[in-house]
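Sharing a sequence plus its predicted fold:
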Amino acid sequence: MTNTAGNPEGRVLVVSCHPLTDSLCKDLCDHVLLRFDERGADVVHLDLYATGFDPVLSAVERMHYHKKPYPTDALKRETDDLVSAETLVLVFPVWWFGFPAMLKGWFDRVWAPGVAYDHADNAGPIKPRLTKLRHCVAVATMGSPWWIDRIVMLRPVRRVLAHALVGACARQCRFRMLTLYRADSASGKNVDRFKRRIDIVLRLIQQ
């Protein structure tokens, strides 16, 4: 994890997920970090692969999922970073129209009861706890063309993020998702155009 001094727009948490250090996702994440650095933002970067994050929900964690207190000692830094974030940026590839296992495990273990939400007493809708989170941006790469994601699959990753995660745990949060389609064959021109889209969204966050 790295930190950048300054705090003009609140704490920023950038979570990246890709096993290759020379991947397009790594390049896009570096671009995001550079833009925040230029603005003097207070940034925490969690590279799930580089830090060796364990995505496996343990038996003890699952046993306590509906009990208090939920055990978070092993993930105190990760949970503290999530709770204190006002802006969350996720950079990841979409594989099989879903999250990489490492990122899914981060949601399973870090977006935990008592951290991201509370269970309702009557088994009703969960109660959000991420009250500081104001902006969430997903920057994703996908090998498929746009029409398969949007028309055939109905954007499953976006729906889970917007409604099941951010929508449920941070209802006041503005969610945006940017996807670079046909990423495996994207030209330098297309990547540059996509980075300009990222810049536009990051400028909106600053306002």
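Looks like it came in fine. Numbers count the residues shown, from 1 in each chain.

Wait, a helix at residue 65?
No: counting by DSSP: H, G, I helix; E, B strand; the rest coil, residue 65 is not part of a helix but coil.

burial of it, as a residue count?
By other Cβ atoms under 10 Å, 12 other residues sit near residue 65. Where you see a C-beta, it was placed from the backbone N, CA and C, and this is true even at glycine.

show me what contacts it?
For residue 65, the contact set (Cβ atoms under 8 Å, 6 or more residues apart in numbering) comprises 112-113.

distance of it from residue 110?
Distance, residue 65 to residue 110, by Cβ to Cβ, to the nearest Å: 13 Å.

likewise residue 190?
32 Å.

Give me the secondary structure label for the residue sitting nearest the centre point of the chain.
Residue closest to the mean C-alpha point of the chain, counted by Cα atoms, centre = their mean, is residue 90 at 3.2 Å. Three-state call for residue 90 (three-state DSSP): strand.

Any idea how many residues pack against residue 175?
Neighbours of residue 175 using other Cβ under 10 Å come to 18.

isn't it right up against residue 166?
Yes: the criterion here is Cβ atoms under 8 Å, and residue 175 meets it with residue 166 at 4.8 Å.

what residues do the two have in common as contacts?
residue 136.

what comes up buried for the longest helix seen in the chain?
With secondary structure taken from DSSP state H, the chain has its longest helix at helix 188-206. Residues of helix 188-206 classed as buried by neighbour count (16 or more other Cβ atoms under 10 Å): 191, 194-195, 198, 201-202, 205.

Looking at these, which gets the smallest pLDDT?
By pLDDT, residue 205 ranks lowest within the buried residues of helix 188-206, coming in at 87.

quick one: it from residue 36, how far?
10 Å.

Could you export the buried residues of helix 188-206 as CSV, including distance to residue 138?
CSV is the format used below for those (distance: Cβ to Cβ, whole Å):
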residue, distance to residue 138
191, 17
194, 13
195, 15
198, 11
201, 10
202, 13
205, 13
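
Can you tell me which of the residues you listed is closest to residue 79?
residue 205 (22.9 Å; Cβ to Cβ).

from memory the closest one sits against residue 87, does it?
Yes: Residue 205 lies in contact with residue 87 (Cβ under 8 Å); the separation is 5.9 Å.

Could you pull out the helices in the protein for me?
24-38, 59-63, 76-84, 101-110, 146-147, 156-159, 166-169, 188-206.

Not counting its own residues, what contacts the first one?
Outside helix 24-38, the residues within contact range by Cβ under 8 Å, 6+ apart are 4, 12, 14, 16-18, 20, 43, 45, 47, 89, 91-93, 139, 141, 180, 183, 186, 191, 194-195, 198-199, 202.

circling back: so the residue nearest to the centre of the chain is in contact with residue 13, correct?
No: contact criterion Cβ under 8 Å: residue 90 and residue 13 do not qualify, at 9.2 Å.

which residues of the chain score low on pLDDT?
1-9, 207 (pLDDT under 70).
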